[in-house]
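[1] Got a predicted model here, sequence first, then my questions.
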Amino acid sequence: MKEMLVKILNIYYTRACLRNCSFVEGGSVICMEGTLMIRVAIVEDDELYITQLQQYLQDYQKEYGEDLDVKIYRDGDGITANYKAQHDIILMDIQMEFVDGMTAAEEIRKKYNEVIFM
């Protein structure tokens, strides 16, 4: 799980950096100044898994020096209510009490199809 999360974060970061770059004649690349913050949502109702995922994300920040903005939701209805593309990556539990992960993912996809689900 941790290795897959690291790969997804690295791929997302690379893609986002490329979107903020300009390619000029001769093949040179000019990138915008500043840091990129990846916005991650954890949608999970089990405290043990929340803690584990938070630790993975903290480890990633320390190892790669990247900024992550992490928000916790304890059910699918929490993230789907008034969703406005505020997350780049969503770590979604499938089985939750009120709104399950598959239903929440479908609702979010209707509004924003570029978010990455894991």
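    Here it is on my side, so go on.

[2] Spit out the contact partners of the residue nearest the centre of the chain.
    The structure's the chain has its C-alpha centroid closest to residue 89; by CA atoms, centre = their mean the separation is 1.8 Å. Taking CB atoms under 8 Å, 6 or more residues apart in numbering, we find residue 89 in contact with 8, 9, 12, 38, 39, 40, 41, 115, 116, 117, 118. All C-beta atoms are positioned from the backbone trio N, CA, C, and that covers glycine.

[3] In ChimeraX, how would I select the buried members of these?
    Buried subset of the contacts of residue 89, written as a ChimeraX selection, criterion 16 or more other CB atoms under 10 Å:
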select :8,9,12,38,39,40,41,115,116,117
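
[4] will you turn the contacts of residue 89 into TSV that also has distance to residue 64 and secondary structure?
    Formatted as TSV, these follow (distance: CB to CB, whole Å; DSSP: H, G, I helix; E, B strand; the rest coil):
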residue	distance to residue 64	secondary structure
8	13	helix
9	8	helix
12	12	helix
38	10	strand
39	16	strand
40	13	strand
41	19	strand
115	21	coil
116	17	strand
117	21	strand
118	17	coil
